[in-house]
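**Q** Let me see the structure of the following:
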Amino acid sequence: MVLKTAGVTPETLHLPLMHAEAVSDVHGASPCNCLSAGRFSKSGRQVIQPAGLGHGLDDLGPPSSSGAIAWSRWIVGHQAAFLEWLLLREALIRRDHTSDDQTVHLLDQYSSLLLYTGSCPPETYLQVIRPRMARAHPSFSGEWAHEYRGLPRLLRAAAAAGPPMVAQAVRRNHRVHMAVAAQLVPEGSSMLQQSGRGAGHEPSPEELALYDRFFFVSRSQVCRHALQAQLLQRLRRITTDLDSRGLYYGGRPVSAAAPDGSRHEIESLEREAGLRFAHQARQLATSVHDHTLLPHS
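**A** Have a look, this model is predicted:
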C-alpha cells in the first residue's frame, strides 16, 4: 500500500528486526558498514538506496495544502518517533549514570514529536489522516508499533526506581499524548475503542506488519549509525518545516485547551520544539561525521 498526497511520497525507514522484548543492542547484529558502502554521506543524507524505495527525503518538494502538510508530518513525525523509541529503549535497559538524563531528554523529544505530528487542524485530521488509518484497519492503533512493545513496562520501572525527574518526564509525556488526542478527536474515542477492542492486547503478526507498511517501514539488519543517519534526515526535514511555517499552521495550539495542570509544560515544549530538534540534529551530525573517520568493520 503506497499512500500519496499532493506528490509527497514518504521515504522508507529502515529499522532492525524486533521481537516482543527488543534487545538493547539493536545495532549489534550486523557490521557497521552503512557509510563505507556509500548509503549515507557525512551529513547523514541517504545517497544510495535499494531500488523501489521511492525518493530521498531531501528530494521531496515541500507540501503546500493543509492535507499534504498533515500527511507529511504524520508519517515523518512517526518515523522519527520510532527511532527515538529505539534510543530510549537503550537508555532504559542500560541504566548507567547517564541514562536518567538521557531518558528525560528522549521522552521530551518524543513529547515534542507528538505535538509536531498532531499539529494539523482537527478537521484536517478527521478528513485526511483518520480515514486512511481506518481504511488500513478499523482498529488501527499505535500499540501495533514494534518499537513500542515493552516500552511502557520499562518506563514504569524507570519512573519507580529513578530520580523524580524521570517520573515527571513520563507524566509530562502522558499529558501531552492526552492533550493531542483530545484536540484531534474531541469525542475522545480512539479507533481501537470504537472498534470494540480494548488497549493492552498483544498485536498479531499481521497487525505489526500492517503498521510497518502504513508508515513505510522496512526491516532488516541495521547498524546504529544507519539509525542515527536516518533520524538526522528526519530531524532536518522537521526543523526546515518548522522554520518555514511554525508548529501550528491552521489551528490553535494544543496547549490552548490543555488542562491547567499541564498547560504550562506543554507551552514550554511548543516553544522549544524547533530548538530541541535542531540540537539533537547537530549532535547526530557530529556522530555520523566522526564515524567516517574510524576504520569500518
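
**Q** Tell me, how many residues neighbour E202?
**A** 9 (other CB atoms under 10 Å). Backbone N, C-alpha and C define where each C-beta goes, glycine included.

**Q** mind checking pLDDT for it?
**A** Among the per-residue scores, E202 holds a pLDDT of 83.

**Q** sec struct for G251, please.
**A** Three-state call for G251 (DSSP: H, G, I helix; E, B strand; the rest coil): coil.

**Q** Give the burial count for it, as a bare number.
**A** G251, neighbours per other CB under 10 Å, totals 17.

**Q** swap in the one 10 residues further on?
**A** Counted by other CB under 10 Å, the residues lying close to G261 total 9.

**Q** How about the one 4 residues further on?
**A** E265: 19 surrounding residues under other CB under 10 Å.

**Q** Put the alpha carbons of stretch 67-76 into CSV.
**A** What follows is stretch 67-76, C-alpha atoms only, in CSV (Å, rounded to 0.1, in the frame of the first residue of the first chain):
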residue,chain,number,x,y,z
GLY,A,67,-3.9,17.9,3.8
ALA,A,68,-0.4,17.4,2.3
ILE,A,69,1.3,19.1,5.3
ALA,A,70,-0.7,16.9,7.7
TRP,A,71,0.1,13.7,5.9
SER,A,72,3.8,14.6,5.6
ARG,A,73,4.1,15.5,9.3
TRP,A,74,2.1,12.4,10.3
ILE,A,75,4.5,10.0,8.5
VAL,A,76,7.8,11.8,9.1
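
**Q** Number the chain from 633, please
**A** I'll keep to 633 as the first residue from here, and by that count the last item is stretch 699-708.

**Q** Give me the distance between it and the centre of its chain.
**A** Mean C-alpha position of stretch 699-708 versus that of the full chain (CA atoms, centre = their mean, to the nearest Å) differs by 13 Å.

**Q** got it, and stretch 759-778?
**A** Worked out by CA atoms, centre = their mean, stretch 759-778 lies 16 Å from the chain centre.

**Q** and it, average pLDDT?
**A** On average, the pLDDT along stretch 759-778 is 93.

**Q** likewise stretch 722-737?
**A** 91.

**Q** So what touches that stretch?
**A** 656-658, 719-720, 738, 783, 786-787, 789-790, 794-795, 797-798, 800-801 (CB atoms under 8 Å, 6 or more residues apart in numbering).

**Q** What number of residues are in the vicinity of P818?
**A** P818: 11 neighbours (other CB under 10 Å).

**Q** which parts of the helix or strand where R914 lies are buried?
**A** Per DSSP states H and E: R914 is located in helix 892-923. Residues 894-895, 897-898, 901-902, 905-906, 908-910, 912-913, 916-917, 920, 923 are the ones in helix 892-923 that count as buried (16 or more other CB atoms under 10 Å).

**Q** So which elements touch it?
**A** helix 731-749, helix 796-816, helix 856-877 (3 or more CB pairs under 8 Å, 6 or more residues apart in numbering; DSSP states H and E).
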